[in-house]
Structures are given as structure tokens and as C-alpha cells.
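# Below are the sequence and a predicted model; questions follow.
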2 protein chains.
Amino acid sequence: MAVKLIDKTPSAYDYPLLIKQLLHRPIRYAPEQEIVYRDLCRYTYRDLYKRIGQAANALKALGVEPGSTVGVMDWDSHRYLELFYAVPMMGAILHTVNIRLSPEQILYTVNHAEDDVLLVHEDFLPIVEAIKDQFQTVKKIVLLKDSETAPQTAVPLDGEYEELLAGADADYDFPDFDENTKATTFYTTGTTGLPKGVFFSHRQLVMHTITVMAAAGSLHTTATFRSNDVYMPLTPMFHVHAWGLPYVATQLGVKQIYPGRYEPAMIMKLLVTEKVTFSHCVPTILHMILTSPAAKEVDLSNWKVIIGGSALTKGLCKAAMDRGIDLITGYGMSETCPVLTLSQLQPHMLDWSKEDQIPVRCRTGQPIPLVNLQIMSPDGTFLPHDGKSTGEVVVRSPWLTQGYFKDPERAEELWQGGWLHTGDVGYIDETGYLQITDRIKDVIKTGGEWISTLELEDILMQHEAVSEAAAIAVPDEKWGERPMVLVVLKDDYKGKVSEEDIKAHFMGFVEEGAITKWAVPDRVAFLDALPKTSVGKLDKKVMRQQFS
Amino acid sequence: MAVKLIDKTPSAYDYPLLIKQLLHRPIRYAPEQEIVYRDLCRYTYRDLYKRIGQAANALKALGVEPGSTVGVMDWDSHRYLELFYAVPMMGAILHTVNIRLSPEQILYTVNHAEDDVLLVHEDFLPIVEAIKDQFQTVKKIVLLKDSETAPQTAVPLDGEYEELLAGADADYDFPDFDENTKATTFYTTGTTGLPKGVFFSHRQLVMHTITVMAAAGSLHTTATFRSNDVYMPLTPMFHVHAWGLPYVATQLGVKQIYPGRYEPAMIMKLLVTEKVTFSHCVPTILHMILTSPAAKEVDLSNWKVIIGGSALTKGLCKAAMDRGIDLITGYGMSETCPVLTLSQLQPHMLDWSKEDQIPVRCRTGQPIPLVNLQIMSPDGTFLPHDGKSTGEVVVRSPWLTQGYFKDPERAEELWQGGWLHTGDVGYIDETGYLQITDRIKDVIKTGGEWISTLELEDILMQHEAVSEAAAIAVPDEKWGERPMVLVVLKDDYKGKVSEEDIKAHFMGFVEEGAITKWAVPDRVAFLDALPKTSVGKLDKKVMRQQFS
């Protein structure tokens, strides 16, 4: 990919929005602030800047130049943060490899993205060993490691990251280039077909960073993210740059804690010892933490969390609030960089009781600045924001992927009429809150009515015996589709709850008028665990196959 | 000026940064929030949006089209806020006429900017009456008025704003166009020559709005500007869009109070009745308020103020803090849209005593995100940030004027080597704070040494008898230049302080080692008032002429 370098003395008018500009402030104004990786490494923003220069020189020595692609397979680490900056600032493309894919899928993404250099954590060497002979573009492989010893591997290594940095100069004259230059790429898993490569430009990442910073700091009245916080991401850095928040954290100049792979004991240890105040995660991780023995004795009352990836249920929200956690919902997807909405409380809601705040905190949220979000009917007209009219969520903003890399057909499906089609179904109420009710593909269409699987799941989670739950559509000769629910019971309740108990629980909601009787599921299955995708979301494709 | 309209269905990649995008959020998410104009008018954001559409249709009926220029002569008002949006959103250029210029200079700017339509508040009709026959491009004149009665005037009027709006449709299909389209222009007064026209594009105003919002809400630990504030500007809306903060306020969705012309009694009344929490002003206005009888009984302890335009002296800062005001300094200029730095306290400084915080609050500040600010020596090299090395402040950021409209010669002086040259002299310390010490033209060069006039003024302001002060250079045969100070005494001290008293005050600072003995002024003049420019800054050009 050709990168158009430009002269470093353009007019004001031409001043490009580049990732390197995000470093002007924090490196100078928070030089002594700390960045921490597990209990393994601790250094300052001053060191970060030095290591970004060293990483760039080391990669250059390996042949990386503007337009090259650098793949990274790592846990959440300070190294990843360095590469978030160093690789794009060189004019190269950072491919954050989705390490939760199967080895075959990882191979596909490395070849499809045309990775020139691959940086691999020692834990992933067995995967690379199995697929390396089929690499089509990779010329160099660099080892990332946490242990003292050299790994036993058949992977041909062209160096070890720390050694390469130690031997490299810290000064690197990062070039100016067109702000629309591709900066990062990441492969997202659909419910069908091969992984799809979304990609973002320098301009898009700068706009996303500053706007999310403005929204999280200025608009919010709760779960704020500001310069006096301590940050620990709990969504993977490979997954749309951990929602872009490490870029925001660096801009804020806050202390940053990277937990490596997600282990409740280590997460709790870091939370306590480093005094973490702000994180973000999917509901599954929050659930894991709240139910982990390691978290039992920990004071969580200074912890603010943004929940995304899938809907925050009222039950989980209440459980978290009961522990003192200040949490709200964010909404977005891999294609949207990702943040589109945040469910901030409005100032007048701050005096509300916990019970009254929960429905607001669980809403999908209000669009952040510059996001134009609309509800579109199947015939392409915009629906009113009345809290009732339901259709597909479509969006425009300055940070949406242009399409899918080398996949014009699916890109065309994503972008229709100048609007990105999210595939999510929902409505917007009079006060501007978006509520996602379902995925277009997950809505249960029964006898001409639409039933929301999310609503059924939310009701299930309010049953005291239920630990996890999913609702799916199963084919039905008479009604087209009918709802079925899959339930994981809490340990104490296993074997003590029947299908009839669950249906009776739903009937209570019918009597209250919360749902129609058509929404009461026909079938209930009790499982030990629910099938999940590589990023921890419920895998309804697998469930539907299993129960249809 | 030709405006390149673009199709409304571009790809994500092409999604332009336009002022209309700034309205997506606030109009929908704070529709019931209020906008107030003195004790004359009060309406909601919903009304604002409706009136923006009406204003656009009314202007279109008067012949305004993409590329037209619309001049406005008004006090700070809800009307001005509407035009901040309506005019650029049409693709036209908003000329915020500098009403503090002389009638001849106003005539020059209206002709130079090529205003097609002029909107004039009734108070300025006498000025327009005197110059209207020399208008070269103005085709229509619209009246803005607060009184019930029709004004007696020889100005030919093509309508009255409220009547035009009442007759106009609220729906307007605002077009998409190139984000680099000129949005606003404003004429700044130099110390020499004709007024200079700075101008800003849609992209620049969007970037400035979101970045200032991020800085004021997220980075700040004090004098924050967030969604629970009530806003009242006290720098004129004609002057670089009141520092761009009405755009930020609207994005935040806060209650906005516009005070019309600045009268202490009305300002204090609005401050109290509307519960204003956030303002910005020049030191002169703050001084006027603090010394006004109207402010004597008012509780100012919930008021946050950003001070800019000229240096905040320690004396004024202390006087404001003694009244409970939370204030910091901002720095910028007409050419820079304007915000470049804000003097936020770092989190660890929050526990400091008031006395220890004052020097930080009075510093020029730390650059906000995306601002690359450097100190340049006369030979063009960058100087270290060591708190000592002093040179010209130069800057790059995404919101600097491209130059001066139709004035390539002075534009070339402004932009040298890709850096905007501010004409300010200063240094940056190890913790990243900029300190402006002087204007290049205002430094006193005596016997090979540079003396800062700002430093002399700061010392003067610490004298209990001094109300206002200025230091200037006067020619000296032996030393080249020597310092002279001009002093306005407080009423109680008039006639009771001598030239020797002032010199003795300076000698105290020499003994403390704060200044060298060469800096003690040779001459002291006592005046009733100091000469000021149209925007209320000290007019040193006039002072030098008078005393040289």
C-alpha cells in the first residue's frame, strides 16, 4: 500500500490529523506518570515515548516502511500500547491479530491483511508453529516474552522485542503524511463466513480519541473518565484497540495498568494495589469478576466501568451497583471504531434512587458528539424518536470503517445510501436514548409479531436461580418461529429448577403487561455453559444449529 | 467565493467535519434546556434549532447562498448564537463585525470582507448611517432590535429579524460541502496598519470545539466546563466567536445566558438569578466586576472563570479567589481560533494552599490536545523547555487561520516555515507550562538586556494603591530604551502616592532578587485612565507615542 508522504511545512489548512499528534501533550505534561504491566514491568510516559522511537527503529531495521503491515499477537501489555503508536506513526499499518480465532482463521487473517512482520507472544508460538509454513507475506517474526528463558520452538525468530529495542536509537523522525492513511486493521467474526477486516485511518482514530475523551469527561455525570483516574482495560487490545480507550487514557495522562491475559486473581490484585478507578469490559468479564472468590473481599466502590459488547442486564447492573461499582453502558461495534453511544445519566437523574437509575444505566445510550444515529425502517425511511418505532440502527460519524478489506461485496451491504447499517434493531425515545432490542438476525418472528430475544434474556436474568441465559428462535410449522430459552443455573440451584418454574416466571411478566403471552418460550433447556464466540459473546449461530 | 457542494451520500471516508454536525447531539438530547438573553428573551434548544432553520430561510430569501458573506453587528445575544450556526451551515460566511472599531475601520472591514447582507442592532444604526453610502458590496440590511418601537433612521432596512423569522419555514435542508469551506471571519486590530481578516473553516471550528470541550471537561481539575454548568460569556461574540465557547456550551447542552452589552448591574443580576457557574473574560472585565458596587453583596463562590486576552496578574487572581471565584488562565489569539493553552492545576496541586496555587493559575498554561507549541530562537532553532530559555512562541494545530484575507504579505509574516509565529515571547518550564513574558514588540531592550513589561506591570499591581498599570519602553540615548510606567491610582489614594513611592516599591523587589536594578523604571506617570484598544487591551502604541 502506497503512503503519500507530505512535506513537514504545510500551511495551517493542510495540518493533518495524525496519531503522533496525540502524543504532543501527554509526553510533555505527564512525563513521570506510570504505565504498569501485571507485576512484571513499570515505567513512565517518558520511557513510553523513548520506547516508541526504539520500536520504530527496530521495525525499520526489519524492513518495515510506510505502507508495510505489522501483525501483533499479544496479551494486553505495555508493548501493545507502544505499538499502537509506533507502527502507525511510521506510516505502517498495525494489524491487531484476533488471538481468539482458530489457528486456521488466524492464518487466514495474517495472509489476508498481508502482514510483513509478525510480533508473537511466547504463549502463541504453538499456534504460529502450526501455521507458519502457509504464511504468504510474513518476512520476519519477532518474539514477545515475559519469561526469563528462551522458548523451545520451531518458529524461526528474527529477534526478541526487548533485545531489539535495547539495540535501537530512541530518536525517530516520524514523517507527515495524508491523514486518510490506513493506521490499523482488525478482523471481526461474523455469524457466517470468513473473518472480515475492518480498518481505520489516522484521521478517524484522532477524531474518535478526542470525541470519546470529550464525551466521557465533559458530558458524563457518572462513570466519568478524567485526568485523575487510574485506567485498566478489560477488553482486549486486539479488539478495535480496546475500544480506543488506551489512546484516550494516554491523552489524559493517567496511570495505565495492563493486565495481560484475564485472570480474576491478577485483575483483583492490580485493581487493589494500583488503585484502579476506571475500566471497561463485556458483561461476561464483569460477571466473572463479581462471582470470583478473588473479588469477595475487595472494595469495589471506587471503580467505574463502561460495559459494552453485549447488553447489560438489569440483574448484573444491580449486582455491580450493590458492590459499589459505578457503571454505564457503551454501544458500538468493530466497524465503528467502536464508540457510538454512552448511557450517561443526565444531571437531574443523579438524585434518583439506585432502582430508578438502573434502567437508564442499562439503556444502550445517547450518541456521543458528531455521531448522527437514526432508526431506519426496512423501506429506507427514517422513523420518529418516540420510544416505540423500531427499525435498524444506521449511523454516520467521522470514524466508521470504509468497508471490509478486499471484500467489496460485504462492504456494500454494510454501507447503503451513505449510512452504515449496524444490523441492530432498536428504537430511540423522546429523551434521545437509544435502546437496542435485538440483532436483525436474532429477532424471533412469530405469527407476524417480533419478539426481542434480549427482552426474554433480561427477564430470565431476573430469576434468582439463573446465572446465564440465552433466547433463540426455533423453526415452527405453524408460527414460523417460536422462542426457546437456554439456561445455566447457579450452582446452588442446579437440579432444583424445572422448565415449568421458568415458564411460570415468564407468566408473571405477562400478567404485569411487560410482555405478550406469545413471548413466553415453548421450550427451556438447562445447560452447564452457553456457547460463546471468540470475543466472549453468546454464539447464537451454534445454539440455533443445536436446537433447530 | 465558490463553495464545492458534495453529494449527501459520501463514503465514511469522506464524511466531512461540518458545523451542522455539532447540533446532532444537543438538539436531541437537551431539547428543553434554556437559552436566555438578558431579561428580554428565554427559549429552549428546541426553539434554537427551529430558529436556525427560520434564519436560514429568511437569509436565503434575501439572496444569501453558499459563498455569500453575512455581516453581523450585535451585542452578545441569542440571535448571534443562531447565526453562529445558520450562516455557516448554509455554506455562507459569517462576518462577526468588530463593533469596537472606529466607523471608518468598520466600513473598511465590511467592504474588505465583501459582506452581502448586514444584520445591525438598533444601537449601531448611527454608525451604519454614517458609512452606508460607501458600502461596496452590501445589498440588504436587516434590523436587530430589543425595543418595541421602530427606530428613527436613514438606513434603508430590508426587514426586521424577528418578523423575517416569523414568516419563514423552520425546515431547511442544510447541504453537505467540503469541510475546508470558509465558515467565519473576523477582523483583528494590530498595533499598526489596517485591521486584518482572520478566517476559519468548518473543519477548524469542529476540531476547536471538540478539543476545547475535551480539555475543559476531562483534563481540568478546577475551573471545569461540563454538562451540569450554566454558561455566560463575557468576551464578545464578535471576537473569535467569544473564544469558541458558545459552540462548546451548545455541545454540552448547558443553559446559556447572553448578557447583551456589558453592564455590571445586569451581569450580576443574571449571574444570581440564572445561577451562572462558568464564564470567560479579559482581566479588565473581571476587575470591573470585582470593583463594581453591584457585585459587593453577591456570592461569587460558585463561579468559574477562564481569563484570557492579557495576562492575569497575581493581585487580580488573589482578589478573585478571595471572593471564592475559581479561575484559571487561557491563552490564544484571534489568529488561533483562539484557544491554545489552559492553566489547569495538576491533580497533585489541588491540596496546595491558595497562595501556592496562584502562580500556577496565573501561568499562561499547558497546551490543550493536538496543539504543538514550541519556543523558537531568533535564528529559527527550537529552544529547550527548561523554564529559562526564552524565545518566540510558535505553534501548529488543526485550527489556525490560514493567513489574513487578501493580505498575502502579512500572512507570510505570520506563517514561517510551517509554524504560526505568535509574536509573543516566553518560555516553557520542565512541567510543560508556558509562560508568556512579553510581546516581541513590547520587550524593553536596555543596554543589551531584555526587561519584561509584563513583569513590571505585575509588580505594580501588587502595590496597594494601584488600580491599573502599564509599562512601556521609551527611547534613551545611552541605553537604547528605558522602562517607564503609567499608573492609575485607586480613588482613595489619588494624590497621596508619589513617583518616589512607586520607585521604592520596585526597589523592594530588587532587594528580594526578583528583578535587576536595571528594571526599575526611570519615569512614573499618574493617569486617570489607560489608553485601550477596541477589545479592551492596553494600547501601548498610543502610550509610546504619548510619552516618547
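Received, thanks. Everything numeric in this text was worked out from a predicted model, so none of it was measured. Residues are numbered from 1 along each chain as shown, chains lettered A, B, ... in the order given.
# Can you name the next helix or strand after the longest helix along chain A?
Secondary structure assigned by DSSP state H gives helix A:45-61 as the longest helix of chain A. Per DSSP states H and E, the first helix or strand lying C-terminal to helix A:45-61 is strand A:69-73.
# Name the surrounding residues that touch that following strand.
A:1, A:59, A:64, A:80, A:83, A:87, A:92-97, A:99, A:106, A:110, A:113-121, A:124, A:127-128, A:137-138, A:144, A:185, A:238 (CB atoms under 8 Å, 6 or more residues apart in numbering or on different chains). In this view, the C-beta of every residue, glycine as well, is placed from N, C-alpha and C.
# same thing but at 7 Å, please
Residues outside strand A:69-73 that contact it (CB atoms under 7 Å, 6 or more residues apart in numbering or on different chains): A:59, A:64, A:80, A:83, A:87, A:92-97, A:99, A:110, A:113-121, A:124.
# Repeat that for stretch A:227-236.
By CB under 7 Å, 6+ apart, the residues outside stretch A:227-236 that reach it are A:76, A:242-243, A:245-246, A:249, A:252-257, A:259, A:262, A:267, A:270-271, A:274-282, A:285, A:309, B:218-219, B:221, B:347.
# Among those, which are located in helices?
Reading helices off the contacts of stretch A:227-236 with DSSP H, I get A:Ala242, A:Trp243, A:Leu245, A:Pro246, A:Ala249, A:Leu252, A:Ile267, A:Leu270, A:Leu271, A:Ile285.
# Those residues into a markdown table, with extra columns for neighbour count and pLDDT?
Converted to a markdown table, these look like this (neighbours: other CB atoms under 10 Å in any protein chain shown; pLDDT from 0 to 100):
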| residue | neighbour count | pLDDT |
| --- | --- | --- |
| A:Ala242 | 24 | 97 |
| A:Trp243 | 25 | 97 |
| A:Leu245 | 26 | 98 |
| A:Pro246 | 22 | 98 |
| A:Ala249 | 26 | 98 |
| A:Leu252 | 28 | 95 |
| A:Ile267 | 26 | 94 |
| A:Leu270 | 21 | 96 |
| A:Leu271 | 25 | 95 |
| A:Ile285 | 20 | 90 |
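# Filter these to keep only those in contact with chain B.
With CB under 7 Å from any CB of the partner chain as the criterion, the ones in helices among the contacts of stretch A:227-236 include A:Leu252 near chain B.
# pLDDT of stretch A:523-533, averaged?
In this model, stretch A:523-533 has an average pLDDT of 91.
# quick one on the thing from earlier: could you identify the pair within the ones in helices among the contacts of stretch A:227-236 that is furthest apart?
A:Leu252 and A:Ile285 (22.5 Å; CB to CB).
# The helix or strand containing A:Val487: what's the following helix or strand?
Using DSSP H and E, the element containing A:Val487 is strand A:480-489. Heading C-terminal from strand A:480-489, the first helix or strand you meet, by DSSP H and E, is helix A:499-511.
# Show me how far that next one is from its chain's centre.
Remark: helix A:499-511 is offset 34 Å from the chain centroid, using CA atoms, centre = their mean, to the nearest Å.
# Can you tell me how far the nearest residue to A:Lys388 once chain neighbours are set aside is from B:Pro233?
Leaving aside its chain neighbours, A:Lys388 sits nearest to A:Tyr427 (6.3 Å; criterion: CB to CB, 6 or more residues apart in numbering or on different chains). The gap separating A:Tyr427 from B:Pro233 is 37 Å, by CB to CB, to the nearest Å.
# what about these two, which has more around it?
When neighbours are counted by other CB atoms under 10 Å in any protein chain shown, A:Tyr427 and B:Pro233 differ, and B:Pro233 comes out ahead with 24 against 21.
# Which of the three states applies to the residue of the stretch 251-400 of chain A found nearest chain B?
In the stretch 251-400 of chain A, no residue comes nearer to chain B than A:Leu400, which is 4.0 Å away by CB to the nearest CB. Three-state call for A:Leu400 (DSSP: H, G, I helix; E, B strand; the rest coil): coil.
# Confirm for me that it is in contact with A:Glu335.
Yes: using CB atoms under 7 Å, A:Leu400 makes contact with A:Glu335 at a distance of 6.5 Å.
# What's the separation between A:Pro156 and chain B?
38 Å (CB to the nearest CB, to the nearest Å).
# Need phi/psi at the most far-flung residue of chain A relative to its centre.
Note on chain A: the largest C-alpha distance from the chain mean falls to A:Lys478, namely 39.4 Å (CA atoms, centre = their mean). The phi and psi values for A:Lys478, taken as degrees, to the nearest 10, are phi -80, psi -50.
# Please apply the same query to A:Thr329.
Backbone torsions of A:Thr329, given as degrees, to the nearest 10, read phi -110, psi 140.
# tally of neighbours for the closest residue to it other than its chain neighbours?
Excluding the flanking residues, the one nearest A:Thr329 by CB to CB, 6+ apart is A:Ser343, at 4.1 Å. A:Ser343: 26 surrounding residues under other CB under 10 Å.
# Could you do A:Tyr161 as well?
Neighbours of A:Tyr161 (other CB under 10 Å): 22.
# coming back round to it: ok, and what's touching the longest helix of chain A?
A:23, A:26-27, A:30-31, A:33, A:35, A:70, A:82-83, A:85-86, A:89-90, A:117, A:164-165, A:168-172.
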